[in-house]
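In: Got a predicted model here, sequence first, then my questions.
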Amino acid sequence: MTFQVTVQPSGHQFSCEADETILSAAIRAGVGLPYGCKNGACGSCKGKVVSGSVQHKAHQQRALPPEEEAAGYSLFCCATASTDLVIEAREVAGSSDYPIKKMPSRVTTLEKVAPDVMVLTLQLPASERLRYRAGQYIEFLLRDGKRRSYSMASAPEDGGPVTLHIRHLPGGLFTDQVFTTMKERDILRFEGPLGTFFLRDDSDKPVVLLASGTGFAPLKAIVEHMISEKSTRPITLYWGGRRPHDLYMDGLCRQWAADLPQFSYVPVISNALPEDQWQGRSGFVHQAVMADLPDLSQHQVYACGAPVMVDSAKRDFVAQCGLPDEEFYADAFTTEADLAK
């Protein structure tokens, strides 16, 4: 059975099969609904069902609390239509400009940059170029049908190999392979580009980039994209880790700060040990932003990393610093362990 979905306020319409999610149908139709994880964990795709009814597959309650679901809100990445629908969602301009493709790639380098972080470089076929927006991600297609998502850490203007920053999760189906058996010249298949987390180029507002751990990867791509575009927008990068080695490209960030007059860098460590001899900022990284920028009303924020950091930042920036809700853009990194919870 096929249902018709109408999006307000744009008026865009698309068809949705009974066995596919509303988000999948929208992507297939080229309608730019916002999304991130596609598995009911991050909440990026949340919108309101104005009329009609949906059924939700498994999802995390923090992404859609029961009271919000009762009020008519839905996670479109895990909702299927039971009737024709009218939904309310803020569409993302430009999110469907580049085709989503399945492509082979060859591993060219594996560089361990921290005890638990590997930089993986992929060479794409000479006959194909992956067109994407800085901040988007790809999904590796594993042999058992499972998928694993990683943001691209290289700017699209590079036009060469794609780099990814992969954190080792012991017992992880894919990351164990990356850190143990994967070798140069291995072939990996992926699908992309995916996601609506990317720089909005139609604004001149100062940019706050907020990262925890490997959430730095898509923000690195955004900075390099802005450098390539010769953007003069002020950029402040706050990068948080538990210990100094978690900021595995600290030297690169300090070089940006030295070379770019519009760029500032604030590293923040939450659990330094005495042997680290850490002399910089300490505590939660989003609280460092609030201490430095108590008024965010004229800023855009791009946050990427652990869900608890992203959730805390959005709540506090909007409630306490005056950040407009629509100027907070996020990509919460969710793992299989997060989903299992």
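Out: On my side now, so go ahead.

In: Would you mind giving the domain segments of this protein?
Out: 2-88, 101-194, 207-340 (automatic domain parsing).

In: and residue 303, that's in a helix?
Out: No: per DSSP: H, G, I helix; E, B strand; the rest coil, residue 303 lies outside any helix segment and is strand.

In: what residues are up against residue 22?
Out: Residue 22 makes contacts with 5, 16, 33, 54, 74, 76, 77, 79, 80, 81, 85, 87, as judged by Cβ atoms under 8 Å, 6 or more residues apart in numbering. For the C-beta atoms, the positions are set from N, CA and C on the backbone; glycine is no exception.

In: ditto for residue 293
Out: Residue 293 touches 208, 236, 299, 321, counting by Cβ under 8 Å, 6+ apart.

In: one more time with 10 Å, if that's ok
Out: Counting by Cβ atoms under 10 Å, 6 or more residues apart in numbering, residue 293 makes contact with 206, 208, 236, 238, 299, 301, 317, 321, 323.

In: From these, which land in strands?
Out: 208, 236, 238, 301 (DSSP state E).

In: Any chance of those residues in a markdown table with pLDDT and distance to residue 165 as columns?
Out: Below are the ones in strands among the contacts of residue 293 laid out as a markdown table (pLDDT from 0 to 100; distance: Cβ to Cβ, whole Å):
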| residue | pLDDT | distance to residue 165 |
| --- | --- | --- |
| 208 | 98 | 20 |
| 236 | 98 | 21 |
| 238 | 98 | 17 |
| 301 | 98 | 21 |
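
In: so what does the strand ranked longest in the chain touch, helix or strand wise?
Out: In the chain, with assignment by DSSP E, the single longest strand is strand 101-114. Counting contacts by 3 or more Cβ pairs under 10 Å, 6 or more residues apart in numbering; DSSP states H and E, strand 101-114 is packed against strand 117-123, strand 137-141, strand 162-167, helix 175-180, strand 187-194.

In: could you redo the last one with a cut-off of 6 Å?
Out: strand 117-123, strand 187-194 (3 or more Cβ pairs under 6 Å, 6 or more residues apart in numbering; DSSP states H and E).

In: so which of those strands comes closest to residue 133?
Out: strand 187-194 (6.9 Å; Cβ to Cβ).

In: other SSEs contacting the helix or strand containing residue 7?
Out: Element membership of residue 7, judged by DSSP states H and E, is strand 2-8. Helices and strands touching strand 2-8, by 3+ Cβ pairs under 6 Å, 6+ apart, are strand 13-17, strand 85-88.

In: Give me the contact list for stretch 304-324.
Out: With Cβ atoms under 6 Å, 6 or more residues apart in numbering as the test, stretch 304-324 has contacts from 210-213, 215, 218-219, 286, 290, 294-297, 303, 325, 328, 330-333.
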